[in-house]
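Enquirer: Below are the sequence and a predicted model; questions follow.
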Amino acid sequence: MRDEPSHPEATPNGGDNSAALPVAKPIARPTAPKTPAVPQPATLPSGYRVDAAEDAVQIALHADSRVAALPSWLASLVVHLTLIILLGLLYLPSEHLPPLGLHAQLTDYELEPLEEQVVNADVSSDDLEVDAPTDQLFAAESEALAEPIDAAALSELAMDSPPMELASFAPEGLLESIGGGSDFSAGGFDARGAASRARMVRRGGGTTQSEKSVEESLNWLARHQHPDGYWSFDHRHEECGPECDQPGNLVTGVKGATGLALLPFLGAGNTPLEGAHKRVVDRGVQALVMMMEPTRNGGSFIDGGEMYSHGIASMALCEAYAMTGDESLRLPAQAALNFICYAQDPDGGGWRYQPRQRGDTSVMGWQVGALKSGYLADLLVPPVVPAKASYFLDSVQLDDGEAYSYEREPAQFRPATTAIGLLCRMYLGVDHENEILGRGVERLAKLGPSKTDAYFNYYATQVIFQYTSGKGDLWKKWNTAMRDMLVAGQLAKGEAKGSWAPGDGDHGKAKGGRLYATALNCMTLEVYYRLLPIYQTQAFEDGFEE
């Protein structure tokens with residue numbers, strides 16, 4: 001998804017609280033922290049033989065005539081001691097680093113026939129049919145499905161280094177930036193339960209209609225799930241009518257599409273174990289795990305969507321594990337996080353399309369979201385990773401951290417990446433009373449929800465909700481405009497019922513299409529309960545143990 005985010009009111013593309021942020025002058029851009037090289041095993045020169053050492057000893061023993069005069073027992077002792085020392089040096093064990101806590105076993109999955117019941121909302125039985133689409137229409141996606149991964153392969157997954165002390169990498173000034181240090185601050189998933197969800201909807205300004213829109217969009221996503229459990233950005237199947245158009249063209253992005261489709265189900269409290277859509281979620285999570293590619297650096301979800309796909313799929317997998325505690329998901333979820341840690345730019349601290357490239361703010365948003373979800377699930381995240389992410393945000397911030405550019409150069413205000421940067425700052429521990437954070441939030445609020453850019457709305461709505469804890473005039477004004485616009489824009493009939501068409505100014509219109517727009521808009525309407533407010537008194541706010 002290399003198209004940069006855009007917004008109709010400003011140039012295309014786009015927070016956390018730390019009291020230590022300098023208010024008056026920009027943050028200096030120090031040299032990025034370097035990750036120390038991993039020690040390599042010792043190797044022997046080509047052609048080296050152990051018996052050559054013995055030959056050398058014999059030559060040395062006979063090189064001087066005085067050796068002949070030595071007692072035989074002494075000569076034997078010298079020869080054997082020399083051989084023992086040489087052999088000990090040759091077989092000295094190489095140093096190696098331990099993996100990042102991957103100990104669970106992954107069970108093999110067997111997919112069962114789908115017998116899904118789609119939720120209420122005045123839909124006829126014809127509309128709710130979930131018959132399998134034809135194999136021909138999904139040929140490209142079927143080829144992309146990997147063989148089921150086994151526990152033996154995943155047991156080899158590890159990062160290049162274990163969790164380390166942050167002080168080993170933090171140059172002077174890094175921990176005094178707006179992003180703080182190695183802390184994650186994030187509300188948990190507790191509000192997704194049925195009782196909590198209803199309470200949070202009332203409190204945050206949701207309505208019966210907004211909740212009906214959420215259920216309708218989940219129904220649409222359920223109807224467009226492949227019989228093998230995955231989703232495609234090209235959502236069309238044999239029963240799609242002409243109104244169910246605008247497919248995405250990223251047919252090789254199945255892993256990202258599956259993760260993106262799962263996130264709204266999880267956000268509404270559906271898991272593989274409970275909820276009206278538990279069968280859909282169970283099959284989707286199974287398919288996602290089966291598509292993970294084991295590598296020595298972790299479990300990869302990279303496909304045609306590149307690191308976008310990996311971050312999105314990892315976020316979904318970590319949320320599923322956090323909400324169920326299913327041990328069969330712990331190992332693949334940890335492996336996915338390990339790969340994110342490996343893929344971080346070792347110099348600049350960001351993420352981009354391929355591992356270790358110089359970062360951009362848009363790709364970074366999904367990686368930080370996945371790391372945050374993994375942290376909430378008590379998975380391992382080395383403290384240096386969020387610290388380096390904060391360093392990257394320093395390098396792309398504008399106006400002392402009030403706004404954020406897409407890349408370091410050109411340094412240019414973009415609404416969507418500003419929203420991403422501010423949300424990441426919040427996740428990374430910036431204090432609620434930070435004046436610069438407040439100015440950034442107000443700047444977003446003045447733009448108002450976009451009528452065409454679901455990507456901007458998804459991130460900006462989270463920023464304003466988290467900053468206000470879903471209360472006050474600032475949130476009420478934003479929420480009313482956003483909520484009513486999305487409810488009114490959702491299609492209400494035919495096979496496309498419950499979906500949204502992607503807007504002309506949308507970041508992922510061409511590649512993600514209708515499925516992309518529907519998933520993002522649904523999650524935006526779930527904002528009241530997807531995550532507990534970070535700054536709410538009841539919300540926990542824990543730091544990493546170092």
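Expert: That came in fine, so what should we check first?

Enquirer: Now do the strands in the chain.
Expert: 293-295, 298-300, 397-398, 403-404 (DSSP state E).

Enquirer: partners of the first one in the sheet?
Expert: Same thing as strand 293-295. strand 298-300 (antiparallel) (DSSP bridges).

Enquirer: The third one too?
Expert: Note on strand 397-398: by DSSP bridges, its sheet partners are strand 403-404 (antiparallel).

Enquirer: okay, residue 43: pLDDT?
Expert: Here the pLDDT value assigned to residue 43 is 40.

Enquirer: What residues of stretch 367-378 count as buried?
Expert: Under the neighbour-count criterion of 16 or more other Cβ atoms under 10 Å, stretch 367-378 has 367, 368, 369, 370, 371, 372, 373, 374, 375, 376, 377 buried. For every residue, glycine as well, the C-beta is placed using N, CA and C.

Enquirer: Mind putting those residues into TSV with distance to residue 528 and pLDDT?
Expert: Shown next, in TSV, are those (distance: Cβ to Cβ, whole Å; pLDDT from 0 to 100):
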residue	distance to residue 528	pLDDT
367	25	98
368	22	97
369	18	96
370	22	97
371	24	97
372	18	94
373	18	95
374	23	95
375	22	93
376	18	92
377	22	94
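
Enquirer: Inside helices: which ones of those residues?
Expert: 367, 368, 369, 370, 371, 372, 373, 374, 375, 376 (DSSP state H).

Enquirer: can you list the weak-confidence ranges in this structure?
Expert: 1-71, 73, 75, 86-187, 536-546 (pLDDT under 70).

Enquirer: 80 instead, please
Expert: Low-confidence segments of the chain (pLDDT under 80): 1-191, 194-195, 238-239, 507, 536-546.

Enquirer: any idea how far residue 444 is from residue 421?
Expert: Going from residue 421 to residue 444 by Cβ to Cβ, to the nearest Å gives 11 Å.

Enquirer: Have a look at those two and say which one is more surrounded.
Expert: Per other Cβ atoms under 10 Å, whichever of residue 421 and residue 444 has more neighbours is residue 421, with 32 against 25.

Enquirer: I'd like to know how many residues surround the closest residue to residue 300 other than its chain neighbours.
Expert: Counting by Cβ to Cβ, 6 or more residues apart in numbering, residue 300 lies nearest to residue 293, which is 4.5 Å off, once chain neighbours are set aside. By the criterion of other Cβ under 10 Å, residue 293 has 17 neighbours.

Enquirer: do the same with residue 494
Expert: 13.

Enquirer: Assess the claim that residue 445 and residue 477 are in contact.
Expert: Yes. Using Cβ atoms under 8 Å, residue 445 is in contact with residue 477, at 7.4 Å.

Enquirer: higher neighbour count, these two?
Expert: Neighbours were counted for residue 445 and for residue 477 using other Cβ under 10 Å; residue 445 has more, 19 against 13.

Enquirer: Report the contact partners of that one.
Expert: Neighbouring residues of residue 445 by Cβ atoms under 8 Å, 6 or more residues apart in numbering: 464, 474, 477, 478.

Enquirer: Surely residue 501 and residue 514 touch.
Expert: Yes. The criterion here is Cβ under 8 Å, and residue 501 meets it with residue 514 at 6.2 Å.

Enquirer: Show me which of these two is the more surrounded one.
Expert: Shown here are residue 501 and residue 514; by other Cβ under 10 Å, residue 514 has more neighbours (26 against 19).

Enquirer: Against residue 499, how distant is the residue nearest to the more buried one when sequence neighbours are not counted?
Expert: If the residues on either side of it in the chain are set aside, residue 514 comes closest to residue 246, at 4.8 Å by Cβ to Cβ, 6+ apart. To residue 499, residue 246 is 9 Å away according to Cβ to Cβ.

Enquirer: Would you mind grabbing the residues shared as contacts by these two?
Expert: Counting by Cβ under 8 Å, 6+ apart, the shared contacts of residue 246 and residue 499 are residue 514.

Enquirer: out of the two, which sits in the busier spot?
Expert: residue 499 (28 against 20).

Enquirer: which residues touch the more buried one?
Expert: 217, 220, 244, 490, 491, 514, 517, 518.

Enquirer: Next: residue 319.
Expert: By Cβ under 8 Å, 6+ apart, residue 319 lies in contact with 189, 263, 266, 373, 377.

Enquirer: Now render those as TSV, adding distance to residue 506.
Expert: Listed next are these as TSV, based on distance: Cβ to Cβ, whole Å:
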residue	distance to residue 506
189	28
263	17
266	23
373	24
377	30
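
Enquirer: Count the residues that sit near the closest residue to residue 533 other than its chain neighbours.
Expert: Leaving aside its chain neighbours, residue 533 sits nearest to residue 469 (3.9 Å; criterion: Cβ to Cβ, 6+ apart). Neighbour count for residue 469, taken as other Cβ under 10 Å: 20.

Enquirer: Quick check: residue 469 vs residue 434, distance?
Expert: 16 Å.

Enquirer: cool, and residue 350?
Expert: The gap separating residue 350 from residue 434 is 22 Å, by Cβ to Cβ.
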